[in-house]
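here is my input; please provide its structure:
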Amino acid sequence: MLFPPVTITVLWYCWSTVLNSHFHMRKIATLLKPDKDITQDGDHFIIKTLSTFRNYNMDFVVGQEFEEDLSGVDDRKCMTIITWDGDKLVCVQKGEIEGRGWTHWIEEDELHLEVRCRWWGKSYSQISKLSAL
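Numbers count the residues shown, from 1 in each chain. From the prediction side, this is the model:
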């Protein structure tokens, strides 16, 4: 399922600042309008975030913990587990930054993403319209 570009807001900049991302990466991220390509086969997911600057692929099986390499995002590695909470995919990332993770879900024709970081004490949300189901 391919999702159309979404605009990265100032909140994303703040969130990436808390994660201590490189300054130039934060500046570039605010200008991007990435596409999301989500493929599902049972509990196996591949989520691709595609942009003109950099692509990020996340390949996982729901309920199985794995080491996630966030090179290019904030240059950290963490242990990640993604589970279902009703109809929402909930990601918990264990590593240097406590309370980090995200939640993805679909409502009608919108893909929702909420990104969390306990250190910051807030979350960043983005919503994009679905282009295909």
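
nearest spatial neighbour of Asp85, skipping sequence neighbours?
On the basis of Cβ to Cβ, 6 or more residues apart in numbering, the spatially nearest residue to Asp85 that is not a chain neighbour turns out to be Thr103, at 7.6 Å. Every residue, glycine included, has its C-beta placed from N, CA and C.

got the contact list for that neighbour?
By Cβ atoms under 8 Å, 6 or more residues apart in numbering, the contact set of Thr103 is Asp85, Lys88, Leu89, Val90, Cys91, His112, Leu113, Glu114, Arg116.

now name the helix or strand holding it.
Under the criterion DSSP states H and E, the helix or strand holding Thr103 is strand 100-107.

quick check: which ranges of the chain have low pLDDT?
1-34, 53, 72-74, 118-133 (pLDDT under 70).

could you redo the last one with a cut-off of 90?
Filtered on pLDDT under 90, the chain yields the residue ranges 1-38, 47-57, 69-78, 95-102, 104-133.

name whatever forms a beta bridge with Phe45.
The bridge-partner assignment for Phe45, based on DSSP bridges, gives Gln40, Phe60.

correct me, but it touches Leu89?
Yes: taking contacts as Cβ atoms under 8 Å, Phe45 lies within contact range of Leu89: 7.5 Å.

between which two of the contacts of Thr103 is the distance greatest?
Distances among the contacts of Thr103 were taken as Cβ to Cβ; the most separated pair is Asp85 and Leu113, at 14.4 Å.

of those two, which one has the most company?
For Asp85 and Leu113, the more surrounded residue by other Cβ atoms under 10 Å is Leu113, and the numbers stand at 19 against 9.

the more buried one reaches Gly101, doesn't it?
No: if you go by Cβ under 8 Å, Leu113 and Gly101 don't touch, sitting 11.3 Å apart.

for Leu89, which non-adjacent residue is closest in space?
Setting aside the residues directly before and after it, Leu89 is nearest to His104 in space (Cβ to Cβ, 6+ apart), at 4.5 Å.

so who does the one you found touch?
By Cβ under 8 Å, 6+ apart, His104 lies in contact with Ile47, Lys88, Leu89, Cys91, Leu111, His112, Leu113.

ok, now Met79?
If a contact means Cβ under 8 Å, 6+ apart, then Met79 has Glu65, Phe66, Glu67, Glu68, Gln93, Lys94, Gly95 as its contacts.
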